[in-house]
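1. Please find the sequence and the predicted model below.
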Amino acid sequence: MLCIVFSILTAGGKHTPGQTAPLLGFTPFPYSLSQIDSSQQFVYSKIASDANIIAHHFDDGIPWNEAYSNSEFPSSIVYDWNVRKSKTPAGHKIYVAVTPINLARTGLALYKNTSGGDQPLSSPWDTVSFSHPIVKTAFLNYCKAVITQLQPDYLAIGIEVNLLKINSPQKWDSYAELHSFVYTELKVLFPTLPIFVSFTGFDLAGYTSADRVEQMKVLSDMMPVSDYLGLSLHPQLSSFMTNDIPPMEVLDSILSMNLKPVAVCETSYPAQYSTLYGGSITLNGTQAKQSQYFMNLFVSCEKRKTEFIINFVVRDYDQLWQDIGSPDDLTVLWRDTGFYDEWGIPRDVLQVWKPKVTSVADKMNEKYSLDYRLAQNYPNPFNPTTTISYTLSADEHVALSVYSVLGTEIVVLVDEQQPAGNYSVKFNGTTLPGGVYFYTLNAEKKSYTRKMLLLK
């Protein structure tokens, strides 16, 4: 979402394969800065009731110096992570997006520090290429920290990357090298975590002025090192604008550009009439058009293996737009795309959206009861301690042990009769070498095993 308000707001491996319908969610993007507490309360409450996945979208820079030295990150970043973790609804899946590309999609992401995001780059970051060794090290370290802190179910390590090819084509090969390096390293550490990039789908498919041949090169470069076809779909930035709703055959063609599973990482459709740039651009959005767009999108996504759909904002951000000076620019393109209007009144699109959320939630609960009796340890990777949690549906004898990659039993953490309930056990790997370990729960004549990584 190419929107300058991102830079203003910076202060503030559990994949379920075979999902038959996409998860549905939002980002916790606030609709007001002057009333930030009530804004956060509203958006998180609607994510809890109207979604089953939350998107944490970081598109405002990287703490390059700290990430490169692997030192403590600025307190504002850690605080933001902690707030997001504390407010993420229980049971929701988590999608996290980070990127080494700046918001203008022209070069290296700017610096993020205690003063906020999108701060000017200092030496040497202001002159190095994407593929420079210090950038590779820093971005890899940053991604590892994000995974450890936020424990995502899905991770994008590049946002709308094909726009770099449009805006600064000479930097593309260097970026592709960086992405390939970081993707490969992360997959070694987190083999079950889906890792990918997102593309602006209408640019890829030829519904803008972008060079189609060059866009196909981007796709061919990225897909071997991207687990999903991640898409950013905003019709108001395409030839359709808001005059016509993209028909299903158009959406079908975009979602079918690669055979890998699809993730609609962000999407939107304006539900109100507005203008920008002095009236030179008109958005003829209506609630009916917004609803029809999402009906079309659902039908297309159900034809393909689609993991999730993220509508970027929960509620129209008219108040935030006023807080930042009511700029007559691109911020208007997404201002009225909420599923709740500026007064918090539900829009018609929720009648299309919410039945799908209920359907997916039921499937998730069923899957959880079958496969998630033994939870993924947290944190993971860890050093030196981590917590292993499990659930017992009935009184039974429980055995919980940790094993090496060779199958040697390292320690027995639990071996006793326990009543039904939820349990957590600490595991300390101080005396063990770094590496991969397995922990196994034996209960009800069944065995459950998960993998964890000790870093040293």
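-> Yes, it's here. Numbering: from 1, shown residues only.
2. how far away is Val352 from Ser291?
-> With distances defined as CB to CB, to the nearest Å, the gap from Val352 to Ser291 amounts to 5 Å. Quick note: C-beta positions are derived from backbone N, CA and C, even for glycine.
3. do the same with Phe427
-> Distance, Phe427 to Ser291, by CB to CB: 49 Å.
4. so where do the helices sit in the stretch 301-450 of the chain?
-> Assigned helices in the stretch 301-450 of the chain, in chain order: 318-323, 332-335, 350-371 (criterion: DSSP state H, counting those that start in this stretch).
5. What residues are bridge-paired with Thr391?
-> According to DSSP bridges, Asn422 are recorded as the beta-bridge partners of Thr391.
6. got a pLDDT number for it?
-> Predicted confidence (pLDDT) at Thr391: the value is 82.
7. Quick check: it touching Gln418?
-> No - taking contact to mean CB atoms under 8 Å, the distance of 10.9 Å between Thr391 and Gln418 leaves them out of contact.
8. overlap in contacts of the two?
-> When CB atoms under 8 Å, 6 or more residues apart in numbering defines a contact, no residue borders Thr391 and Gln418 alike.
9. what's the span of stretch 327-344, first residue to last?
-> Stretch 327-344 has an end-to-end distance of 22 Å (criterion: CA to CA, to the nearest Å).
10. What residues of that stretch count as buried?
-> Burial within stretch 327-344, assessed by neighbour count using 16 or more other CB atoms under 10 Å, is assigned to 330-342.
11. Check stretch 58-77 too.
-> Taking 16+ other CB under 10 Å as the neighbour-count basis, stretch 58-77 is seen to contain the buried residues 58-64, 66-68, 73-74, 76-77.
12. Farthest-apart pair in those, please.
-> Greatest spatial distance in the buried residues of stretch 58-77: Asp59 and Tyr68, 20.2 Å, computed using CB to CB.
13. coming back round to it: and which of the buried residues of stretch 58-77 is nearest Asn258?
-> Here the nearest of these to Asn258, counting by CB to CB, is Asp59; it sits at 23.1 Å.
14. do you know how far that closest one is from Pro30?
-> Using CB to CB, Asp59 is found at 15 Å from Pro30.
15. Might you list the low-confidence residue ranges for the stretch 251-400 of the chain?
-> In the prediction, the stretch 251-400 of the chain carries residues with pLDDT under 70 at positions 359-372.
16. which residues in it form strands?
-> Taking DSSP state E, counting those that start in this stretch as the criterion, the stretch 251-400 of the chain contains strands spanning 262-267, 273-276, 281-284, 306-311, 385-392, 396-403.
17. May I see the ones you listed arranged in TSV, with mean neighbour count and distance to Ser239 as well?
-> Compiled in TSV, those are given as follows (neighbours: other CB atoms under 10 Å; distance: least, CB to CB, whole Å):
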stretch	mean neighbour count	distance to Ser239
strand 262-267	26	17
strand 273-276	14	17
strand 281-284	16	13
strand 306-311	25	22
strand 385-392	18	50
strand 396-403	17	57
